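A.B. asks: for reference, the sequence and a predicted model appear below.
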Amino acid sequence: MSGASGSKKSILLVVMGIAIGMALSSLRQDSNAWVEQMSQSSVALLGTSVNGGQEKTVESSLRSGEDERRMGTNNAPASTSDELLTSWSVSTERDFFKIAEGYGTDKVRGYKNLPKCLEDESKCDRPEAPERQCKVTGHFYNTMYQRWLGPYSNDNVEPFQFLEIGYFNGNGFDSYTDFLPNAEKHSMEISCLPEGPRSEGKWPWGNFARHNRNYQSLLDARRLHCGDASDFDFLHKIYSTEMQRPDGTAPALKVVIDDGSHVSEHMAMSLFFWFPRIAPGGILVIEDIEPMSEASVFRRQIMPQVHHDVHYCGLKEYGYGGKGEPAPCFPTIQPLLKSIHCEMHICVFERNDVPASDPPKEQSTIPPGAFDAKKCLFESK
């Protein structure tokens, strides 16, 4: 009897194994079919795709790279459906594009405007631009924000501090609020100053921020700070009293986003003031580094010097005809800089592991000669 029982058990185990194998095979086939369907639905960036010999143009073609990211591939094709399923099971990142599109922020509005422009040139804002993304107003920032802020969007991330410069109508801040649930979020806005002449430290052109439904609650919670974000005294007051609070309850400052005036001097001030105060591993994001008069000096003069500094070694007898390596262009930034990553009109400045600090005014403002890249890059010894 024991032999017969063991034989029955063996047969049962074999049958169960076959059943499980068939189920897994079916799951893989269904998953692979789904991946294939997703791949076919994605089309070339800013263009068209060919399927069965027929071209099709859809608005989602502008986000084909995002299809890859949401499949857990980090912009690389998934090698197997098993890896795809595994990545989905561990990822809880929120979808920045979906959230930002819902609030109507210009950070992703390019996806809406560009297809209309490509179909009808009269709907382009700058039809003469050879680069497609420059033909319309609105940006394509979701890929950068998903890559750099995506990990912060998980429910289990440690609390951290977030600062936006340039609240304006609050659409961007509302997007960050939904995208980053564990962040202590702050924003700065100049238009909510008392109405009056700029010579008196007031604002004469209307309060853009008050139209947002969360305006008063943010003021009451001391999360929306009204003032000039290019002024050291205002910045340091907010930083030392509202952000890095004396009672020690503030989480680490990990993310600062400059979406303010887009004036070169103001963008540079954000770099020199905030970068030392960001915690190790954090990031400074500067938007709208565009070829326009307001921002072009930052783009053409400051950015090349920061790129120089990210590669600095400090060797005394290397290259340059034996004269040694030129000194860093920005000595207060270079020791803190791990990397720079840019896409069109947006750059991320990543902090290394040097602890954050609160430098004095002379080390937190734009240094003399900062807007003369030639002096550092080509005339220094």
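C.D. replies: Right, received. Where do you want to start?

A.B. asks: show me the contact partners of whichever strand or helix holds residue 268.
C.D. replies: In the assignment (DSSP states H and E), residue 268 maps to helix 264-274. Identification of contacts with helix 264-274 by C-beta atoms under 8 Å, 6 or more residues apart in numbering yields 163, 165, 229-230, 232, 235-236, 256, 258, 260, 284, 286, 289, 294-299, 301-302, 306, 330, 332-333, 349, 364-367, 370-371. In short, each C-beta sits where N, CA and C put it, glycine included.

A.B. asks: taking these one by one, which sit in strands?
C.D. replies: Residues of those located in strands (DSSP state E): 163, 165, 256, 258, 284, 286, 349.

A.B. asks: tell me the buried residues within the residues you listed.
C.D. replies: Buried by 16 or more other C-beta atoms under 10 Å: 163, 165, 256, 258, 284, 286, 349, out of the ones in strands among the contacts of helix 264-274.

A.B. asks: dump the residue contacts of the closest residue to the fifth one other than its chain neighbours.
C.D. replies: By that I understand residue 284. Counting by C-beta to C-beta, 6 or more residues apart in numbering, residue 284 lies nearest to residue 349, which is 4.4 Å off, once chain neighbours are set aside. Taking C-beta under 8 Å, 6+ apart, we find residue 349 in contact with 271, 275, 283-286, 306, 337, 339-340.

A.B. asks: cutoff 10 Å now
C.D. replies: 256, 270-271, 274-275, 278, 282-286, 306, 310, 333, 336-342 (C-beta atoms under 10 Å, 6 or more residues apart in numbering).

A.B. asks: is the nearest residue to residue 162 once chain neighbours are set aside bridged to anything, and to what?
C.D. replies: The shortest distance from residue 162 to any non-neighbouring residue, by C-beta to C-beta, 6+ apart, is to residue 183 (4.1 Å). According to DSSP bridges, the residues that bridge with residue 183 are residue 160.

A.B. asks: if we can go back for a sec, report the angle between the axes of the helix holding residue 268 and strand 283-287?
C.D. replies: Angle, helix 264-274 to strand 283-287, by axes from the mean of the first three to the mean of the last three C-alpha atoms, to 10 degrees: 170 degrees.

A.B. asks: buried residues in helix 264-274?
C.D. replies: Here helix 264-274 shows 264, 266-274 as buried, counting by 16+ other C-beta under 10 Å.

A.B. asks: could you dump those to a markdown table with pLDDT?
C.D. replies: As requested, the buried residues of helix 264-274 are exported to a markdown table (pLDDT from 0 to 100):
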| residue | pLDDT |
| --- | --- |
| 264 | 98 |
| 266 | 98 |
| 267 | 98 |
| 268 | 98 |
| 269 | 98 |
| 270 | 98 |
| 271 | 98 |
| 272 | 98 |
| 273 | 98 |
| 274 | 98 |
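
A.B. asks: over to the most centrally placed residue in the chain: give its phi and psi.
C.D. replies: Nearest residue to the geometric centre of the chain (C-alpha atoms, centre = their mean): residue 145, 3.1 Å. For residue 145, the backbone dihedrals (degrees, to the nearest 10) come out as phi -70, psi -40.

A.B. asks: same question, the one 5 residues further on
C.D. replies: Here the main-chain torsion angles of residue 150 (degrees, to the nearest 10) amount to phi -50, psi -50.

A.B. asks: for the nearest residue to it once chain neighbours are set aside, helix, strand, or coil?
C.D. replies: Spatial nearest neighbour of residue 150, excluding adjacent residues (C-beta to C-beta, 6+ apart): residue 93 at 4.4 Å. Here residue 93 is recorded as coil under DSSP: H, G, I helix; E, B strand; the rest coil.

A.B. asks: how close does residue 93 get to residue 104?
C.D. replies: From residue 93 across to residue 104, the span is 22 Å (C-beta to C-beta, to the nearest Å).

A.B. asks: re the thing from before, which of the contacts of residue 349 are buried? Put it as a PyMOL command.
C.D. replies: For anyone working in PyMOL, the buried entries among those, judged by 16+ other C-beta under 10 Å, can be selected with:
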select buried, resi 256+270+271+274+275+278+282+283+284+285+286+306+333+336+337
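
A.B. asks: distance between the helix holding residue 268 and the chain's centre?
C.D. replies: Distance, stretch centre to chain centre, for helix 264-274: 17 Å (C-alpha atoms, centre = their mean, to the nearest Å).

A.B. asks: still on that earlier bit, okay, the residue nearest to residue 284: pLDDT?
C.D. replies: If you check residue 349, the pLDDT there is 98.

A.B. asks: that one pairs with what?
C.D. replies: Under the criterion used here (DSSP bridges), residue 349 is bridged to residue 284, residue 340.

A.B. asks: for the residue nearest to the centre of the chain, which non-adjacent residue is closest in space?
C.D. replies: Among residues not flanking residue 145 along the chain, residue 96 sits closest, at 4.6 Å (C-beta to C-beta, 6+ apart).

A.B. asks: tell me how many other residues crowd the one you found.
C.D. replies: 28 (other C-beta atoms under 10 Å).

A.B. asks: surely it touches residue 178?
C.D. replies: Yes. Look at residue 96 against residue 178 with C-beta atoms under 10 Å: they come within range, at 9.5 Å.

A.B. asks: need the residues touching each of these two.
C.D. replies: residue 153.

A.B. asks: closest to residue 139 among the ones in strands among the contacts of helix 264-274?
C.D. replies: residue 286 (12.8 Å; C-beta to C-beta).
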